Every structure is written in structure tokens, then in C-alpha cells.
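Participant: next come a sequence and a model predicted from it.
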Amino acid sequence: MLSTKQLKFKFYAHGPKTIFLLIWIALNIFLFAYDYYQYDTKTKYTYLRKVIGAGLPFARGSAACLNLNCALIVLCVCRNFLSLIHNSKYCPRVIRRLINHNLALHKLCAWSIVLHTVIHTLAHTFNVEFAVSYFDLEKVVKDKFDDNSILGRSLFLTKDDTKYTILFGSVGGLTGVIIDICLFLMVTSSIKIVRRSFFEVFWFTHHLFIVFFICLLCHASGQMIESLSDPKCETVEGKEYCNYKCDLYKDTVPDTTNICNNDQLIFKGPGFLNYSKSYWWVGVPLIIYAIDRIVRWSRRFNPAVVYKAIEHPGPCLELRMRKKGWKQQAGQYVFLQCSELSLFEWHPFTLTSAPEENYLSVHIRKAGDWTGLLLKTVAKHSKDKTTKEGKRAELNFKIAVDGPYGTPSDDIFKYKTTVLIGAGVGVTPYASILKSVWYKLKSGNFDFGVKKIYFYWLNSDASVFGWFTSVISEVVTELKKLECSEYLEVRPHLTRFNNDKDMMENVAMNMDSEEDAITNLPGVQTRFGRPNWFKDFVDIGEKNPSTDIGVFFCGPAVLSESLDKACSLANAQLEENKTGSMFFYNKENF
């Protein structure tokens with residue numbers, strides 16, 4: 001049986017996400033079941049069921065779920081709206097953790113939309129086939145309609161209709177086809193291998209969402225789902241006769257003349273603004289999203305000025321910029337847009353500058369077409385100089401910056417002991433955090449929450465350590481000068497070793513050197529192979545008894561799963577050892 005502390009860890013790690021998923025699943029089931037029941041049993045849809053067939057309730061149930069997921073998928077990408085909530089001092093940690101998973105929820109809703117779109121499309125395909133083959137359309141479907149739509153009306157079906165005229169000659173049919181095509185293109189271009197190899201294809205194709213939502217709103221205005229406006233019933237000789245059955249008995253039961261009057265058999269469409277679900281479900285999130293996009297667009301008019309570029313080993317280029325009114329927190333990220341390359345593309349980069357610095361900086365390595373072109377643009381504008389930091393260039397060109405946006409790293413200063421784990425380029429958020437710690441200590445601020453940081457820096461290639469050696473080295477050196485070395489313990493790991501003789505000779509020759517032979521960091525020794533996370537976490541927990549320890553990771557998903565499991569196992573061991581310590585796992589998502 002799990003102890004109270006273990007339950008606390010389980011809830012922190014998975015509780016909010018699990019509860020939200022259960023609520024989301026319950027809402028989908030409820031909405032589907034409710035609309036299914038309505039269209040499968042209610043009197044006012046009797047004629048519709050008779051004409052369309054058994055696919056009707058499936059089509060309407062899936063449509064209800066589509067409304068929910070189309071609303072959520074939009075809200076998940078309202079970056080400024082979510083950031084406003086995330087950065088609020090009144091926002092509890094549970095909500096912040098949910099917001100940090102916004103892209104995961106976005107993908108989940110996308111697959112749910114795919115599922116319900118398939119159900120909706122198949123159901124309506126059956127409905128159309130059934131309707132056009134119905135034996136007497138003129139008799140069953142009356143031509144008496146109220147004219148309550150500002151878009152105009154036409155008969156739902158006539159005896160001359162075919163499945164092709166319904167599919168391509170009606171608002172509902174044509175917009176449905178366009179919606180399916182847009183969804184197919186957006187989903188296929190979002191597959192991981194396509195997104196990473198051809199980002200521009202993903203980016204431009206994803207903007208078919210504009211066509212998707214316009215067609216979705218028009219799809220609702222097609223008014224192909226009709227109901228009887230006032231189904232009347234009378235009892236004659238103990239039997240109930242209703243006007244929706246008039247075609248079956250009006251010639252044989254003369255006493256039902258009143259309810260069988262054609263003037264009473266009126267079909268009613270939902271109307272443009274009264275279409276109960278799609279407009280209200282999707283309309284409000286789209287308005288929020290439109291405002292969010294306007295805020296992002298307005299930032300083009302307050303661009304950052306790139307004034308310096310520094311080339312680091314890797315190769316990696318550091319861009320330093322200044323922007324009017326700029327404020328940030330440690331570990332946050334931004335989106336950059338260079339008008340010389342594209343007026344539309346925005347790409348995310350983690351900030352490597354600290355909040356205490358008078359500039360913002362990002363480290364960029366060539367990882368695609370856009371970053372390659374950006375590096376060429378920087379070279380075109382540069383005037384080269386060489387310093388001890390590396391080759392640097394003085395520049396003066398502008399770049400648009402959208403952000404900053406929060407990450408799980410915002411909670412780092414809420415723990416007395418933290419473990420920072422950066423794998424490969426995942427080290428970038430921690431450059432900002434470590435520099436911020438140094439600035440706080442330098443200013444005499446020793447009461448900012450954190451008392452001990454364990455920094456794991458993992459790379460499979462020794463040359464990659466050069467990206468942030470200067471930053472980490474500066475922090476380690478300055479902390480030593482302030483006699484605050486106990487605040488930071490750096491543990492670099494070279495995870496892949498290819499029997500490089502030159503490197504081994506260099507390590508052997510510099511065994512007694514103050515600087516590490518691989519990272520050039522003072523007072524630090526690089527370890528070979530992957531860390532034993534369970535052993536290391538238990539050791540850290542025993543050195544910091546009765547402490548909540550925050551573990552923050554940025555890197556590949558496979559390693560994230562191992563770390564999550566190691567935290568759970570270490571907590572169980574620490575509980576058995578009665579140290580009172582507990583690890584809380586956090587992963588970067590963007």
C-alpha cells in the first residue's frame with residue numbers, strides 16, 4: 001500500500017493530467033450519448049429518422065463531440081491567453097502543470113477530431129444513401145418550411161435529388177467535403193517525421209485551419225437537420241394518432257383530419273444564429289484566438305535589435321538583442337520571426353539570457369532550412385571581430401520577438417534543492433537559470449528559495465559541450481569568487497564513447513589540471529556513460545533530508561520516461577529509509 005508521501009508524489013506527477021483526461025473522456029461520452037438519445041427517440045425527429053435512417057443519431061452524437069474538441073484545440077494554442085493565466089500569482093501549481101501540457105492536449109484533441117470526423121462522415125454517407133433510395137420522397141418530406149434563415153432556404157430533399165447533388169450541391173455536403181480534405185492535410189503534415197524534416201510544409205499546411213473553421217461554421221448553417229416545429233397528437237378510440245404519421249393513416253382515419261391538415265405539418269430548421277451548438281461552442285474560442293493573434297501580430301511593430309552575434313563551438317551562434325520594455329523570467333522561451341526570410345514563419349527558441357541582464361539572447365544551431373538561412377542573414381549583416389569568447393560580430397538589424405512564454409522551469413525557485421538535467425540542446429533553459437542564480441548571489445540576495453542545484457549535462461558528442469562552456473564556466477568561476485560554490489554542483493556526462501585515442505590522451509595528460517579536459521570547466525570532472533539515476537537520486541535525497549526536491553528535465557522523451565520512473569523508485573527507497581525527502585518531476589514541453 002502506498003504511503004501518504006508516495007500518493008502525494010503520484011498525484012503531483014500524474015494527478016492533474018489524469019483528472020483532466022477523465023473529465024475530458026466523460027464529457028465526450030456524455031455529449032455523444034445525449035445527442036444520440038435525442039435524435040434516436042424524440043418525437044420531433046421522427047420524420048427525419050424515417051427519411052435518413054439509423055445513421056442519424058451517430059452523426060449527431062459525433063457532431064457534439066466535434067464541437068467540444070474543436071473548441072479545446074483552439075484554446076490550447078492561445079499562447080498569450082494561457083501565458084496570462086500561467087504567470088498569474090493566483091494560478092495554482094496544478095493549473096500551471098496542466099497549461100504546460102497544452103500541446104499534448106492539442107494533439108489529443110486533434111486525434112479525437114479525426115475519430116469523430118470519420119464517424120460523422122460514415123454516418124452521413126449512410127444517411128444520404130438511405131435517403132435518396134427512399135421510396136416516396138415527395139409524400140414523406142413536405143415542402144412547407146418556415147423562412148427563418150438569413151442565408152435563405154431550399155428543400156432538404158426532392159424526388160430528383162441524388163447523392164451527388166446532396167454532396168456537392170448543398171452547403172452542408174460541400175463544406176463537409178472541404179473540412180475532410182483540410183483535416184487530412186493538416187494531420188498528415190503534422191506527423192513527427194514530416195514536421196521535423198519539412199517544417200515549412202507543416203507550418204503552411206497547418207494554416208488550413210482557417211478554411212477548416214470557416215467551413216465548419218458554414219456547415220452548421222446548411223440546415224439539413226430538420227425537426228417538426230409542433231408535433232401534435234390526438235387520441236381516437238383509445239389509440240394515439242400524431243401528425244408525423246399522417247401519411248400512414250390520413251386517408252383511413254377520418255377523425256384525425258385536424259392533426260392531418262398539411263398546414264400543421266411544418267418542418268423547422270435551426271436558423272443561422274440559433275444553431276445551438278457549433279456557433280457557441282466554437283465561436284467563443286475563435287474570438288479569444290483572434291485576439292491572441294492580434295496581440296502577436298502587434299509585436300511586429302516593436303522588434304528587437306540584434307546588436308551582437310557570438311559564434312560558439314558546435315557550431316552554435318548566440319544572438320544578443322535589445323527590445324524596448326523587455327521583461328522575462330529565467331527559463332522562458334520566445335518565438336522569432338525574421339522578415340528578410342519570411343513574413344509568416346515563427347520559430348521557438350529558449351532564452352539563454354538572465355532576467356537581470358539588459359539584453360535577451362538565444363543560442364541557435366543549424367537544424368533546418370530556416371535556421372540555416374538565418375545564420376547566413378546574420379553573416380551578411382555582420383562585421384567580424386575575434387575575442388576570448390569566440391568569433392563575434394557587431395550587427396544592427398531587426399527581428400520580431402513574440403513572448404516570453406512560461407515553462408515548468410518557472411517553479412525552480414520554489415524548491416530548496418533542485419536537479420537540472422539537460423540533454424544535448426536541452427541544456428539551453430538552464431543557462432538562463434544558472435546565470436540568474438549567480439546574479440542573485442552577486443547582489444547579496446541569498447533568500448531566493450534555492451539552496452542547492454545539481455546540474456546534469458548530458459551529451460553524446462564531446463564537441464557539443466562547447467556550446468555553453470563559456471556560460472557555465474563563467475557561472476562556476478564567479479560563484480567560487482563569491483564563496484558560494486556549494487550552491488552549484490555540475491555533473492557533465494559523455495554518454496557515448498568511441499575509443500577516441502586523442503581524447504583519451506588529452507584526458508590522461510590533464511588529470512591533475514584544474515580544468516576538465518573535455519568541458520574546460522574549472523573544478524569539474526566529466527563522467528563517462530549514462531548516470532545511474534536511481535542511485536544518484538537516492539544519494540541526493542539522503543544528502544538533503546526532509547526536503548522536497550524538484551527535478552527539471554529538457555531533452556528526448558525516452559530519457560524523460562526513465563527519469564520519471566527513477567524519481568518514483570527513489571521516493572519509495574527514501575520512504576523506506578525514512579529520510580523525509582521526495583522528488584517531484586517536471587519536463588519541458590514546447
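Facilitator: Ah, there it is. Residues are numbered from 1 along each chain as shown.
Participant: can you give me the strands in the stretch 351-500 of the chain?
Facilitator: 360-364, 383-387, 390-405, 417-423, 452-459, 488-494 (DSSP state E, counting those that start in this stretch).
Participant: for the residue at minimal distance from the centre of the chain, which three-state class applies?
Facilitator: Geometric centre of the chain, nearest residue: residue 103, 1.2 Å, by Cα atoms, centre = their mean. Classification of residue 103 using DSSP: H, G, I helix; E, B strand; the rest coil returns helix.
Participant: wait, doesn't it sit right on residue 76?
Facilitator: Yes. Under the criterion of Cβ atoms under 8 Å, residue 103 makes contact with residue 76 at 7.0 Å. C-beta here means a position set from N, CA and C on the backbone, and glycine is covered the same way.
Participant: can you give me the strands in the stretch 101-250 of the chain?
Facilitator: 227-228, 233-236, 239-242.
Participant: avg pLDDT for the last one?
Facilitator: Looking at strand 239-242 alone, the average pLDDT works out to 52.
Participant: and if you look at the first one?
Facilitator: In this model, strand 227-228 has an average pLDDT of 52.
Participant: cool, and stretch 325-345?
Facilitator: On average, stretch 325-345 scores 83.
Participant: could you dump that stretch to CSV, C-alpha only?
Facilitator: Output in CSV follows, covering the C-alpha atoms of stretch 325-345 (Å, rounded to 0.1, in the frame of the first residue of the first chain):
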residue,chain,number,x,y,z
GLY,A,325,10.1,47.3,-22.4
TRP,A,326,11.5,43.8,-22.3
LYS,A,327,10.8,41.7,-19.2
GLN,A,328,11.4,37.9,-18.7
GLN,A,329,11.8,35.2,-16.1
ALA,A,330,14.5,32.6,-16.0
GLY,A,331,14.0,29.6,-18.3
GLN,A,332,11.3,31.1,-20.6
TYR,A,333,11.2,30.9,-24.4
VAL,A,334,10.2,33.1,-27.3
PHE,A,335,9.3,32.9,-31.0
LEU,A,336,11.4,34.6,-33.5
GLN,A,337,10.4,35.9,-37.0
CYS,A,338,12.9,37.4,-39.5
SER,A,339,11.1,39.4,-42.2
GLU,A,340,14.1,39.0,-44.5
LEU,A,341,13.4,35.3,-44.6
SER,A,342,9.6,35.0,-44.2
LEU,A,343,6.7,37.3,-43.2
PHE,A,344,4.8,34.4,-41.7
GLU,A,345,7.2,31.9,-40.1
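Participant: buried residues of it, list them for me.
Facilitator: 326, 328-338, 341, 345 (16 or more other Cβ atoms under 10 Å).
Participant: swap in stretch 54-63?
Facilitator: 55, 56, 57, 58, 59, 60, 61, 62, 63.
Participant: which one of the residues you listed is nearest to residue 312?
Facilitator: residue 62 (52.4 Å; Cβ to Cβ).
Participant: need the contact list for that closest one.
Facilitator: By Cβ atoms under 8 Å, 6 or more residues apart in numbering, the residues touching residue 62 are 32, 116, 117, 119, 120, 123.
Participant: apply 7 Å and report the result again.
Facilitator: Residues near residue 62 by Cβ atoms under 7 Å, 6 or more residues apart in numbering: 32, 116, 119, 120, 123.
Participant: wait, the third one sits on residue 58?
Facilitator: Yes. In this structure residue 119 lies within contact range of residue 58 using Cβ atoms under 7 Å: 6.1 Å.
Participant: tell me the pLDDT at the residue nearest to the centre of the chain?
Facilitator: Reading off the model, residue 103 has pLDDT 87.
Participant: residue 467 too?
Facilitator: 69.
Participant: kindly report the same for residue 261.
Facilitator: 47.
Participant: what's the closest non-adjacent residue to residue 34?
Facilitator: Excluding its sequence neighbours, the residue lying closest to residue 34 (Cβ to Cβ, 6 or more residues apart in numbering) is residue 64, at 7.0 Å.
Participant: could you give the mean pLDDT of the one helix or strand the one you found maps to?
Facilitator: Assessed by DSSP states H and E, residue 64 sits inside helix 55-75. Averaged over helix 55-75, pLDDT sits at 91.
Participant: export it as CSV, just CAs?
Facilitator: What follows is helix 55-75, C-alpha atoms only, in CSV (Å, rounded to 0.1, in the frame of the first residue of the first chain):
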residue,chain,number,x,y,z
GLY,A,55,-27.2,6.8,-39.1
LEU,A,56,-28.8,10.0,-37.8
PRO,A,57,-28.1,9.6,-34.1
PHE,A,58,-24.5,8.5,-34.8
ALA,A,59,-23.9,11.6,-37.0
ARG,A,60,-25.4,14.0,-34.3
GLY,A,61,-23.5,12.3,-31.4
SER,A,62,-20.2,12.6,-33.2
ALA,A,63,-21.0,16.2,-34.1
ALA,A,64,-21.5,17.1,-30.4
CYS,A,65,-18.0,15.6,-29.6
LEU,A,66,-16.5,17.6,-32.6
ASN,A,67,-17.9,20.8,-31.1
LEU,A,68,-16.1,20.2,-27.8
ASN,A,69,-12.8,19.2,-29.3
CYS,A,70,-12.8,21.9,-31.9
ALA,A,71,-13.2,24.4,-29.0
LEU,A,72,-10.4,22.9,-26.9
ILE,A,73,-8.0,22.5,-29.8
VAL,A,74,-8.2,26.3,-30.4
LEU,A,75,-7.8,27.3,-26.8
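Participant: next helix or strand past that helix?
Facilitator: Trace forward from helix 55-75 with DSSP H and E and the next one is helix 79-86.
Participant: circling back: closest to residue 87 out of the buried residues of stretch 325-345?
Facilitator: Closest to residue 87, out of all of the buried residues of stretch 325-345 and judged by Cβ to Cβ, is residue 329, at 7.8 Å.
Participant: ok, now how distant is that closest one from residue 92?
Facilitator: Distance, residue 329 to residue 92, using Cβ to Cβ, to the nearest Å: 18 Å.
Participant: the residue nearest to residue 34 and residue 559, how far apart?
Facilitator: 40 Å.
Participant: settle it for me: which of those two has more neighbours?
Facilitator: residue 64 (22 against 19; other Cβ atoms under 10 Å).
Participant: tell me the contacts of residue 416?
Facilitator: Contacts of residue 416 (Cβ under 7 Å, 6+ apart): 449, 450, 451, 547.
Participant: and the strands of the stretch 351-500 of the chain: which comes nearest residue 309?
Facilitator: Closest of the strands of the stretch 351-500 of the chain to residue 309 is strand 390-405, at 4.4 Å (criterion: Cβ to Cβ).
Participant: point out where the stretch 1-150 of the chain drops to low pLDDT.
Facilitator: 1-13, 43-44, 46-48, 50-51, 131-150 (pLDDT under 70).
Participant: need the overlap of contacts for residue 119 and residue 58.
Facilitator: With Cβ under 7 Å, 6+ apart, residue 119 and residue 58 have no common neighbours.
Participant: in a helix, that's where residue 342 is, yeah?
Facilitator: No. Under the criterion used here (three-state DSSP), residue 342 is coil, not part of a helix.
Participant: measure it to residue 402 for me?
Facilitator: Noted for residue 342: a distance of 14 Å to residue 402, by Cβ to Cβ.
Participant: let me see the backbone angles for residue 534.
Facilitator: According to degrees, to the nearest 10, the main-chain angles of residue 534 amount to phi -60, psi -50.
Participant: isn't it right up against residue 566?
Facilitator: Yes. At 4.9 Å, residue 534 counts as touching residue 566 under the criterion of Cβ under 7 Å.
Participant: between those two, who's got more neighbours?
Facilitator: residue 566 (21 against 16).
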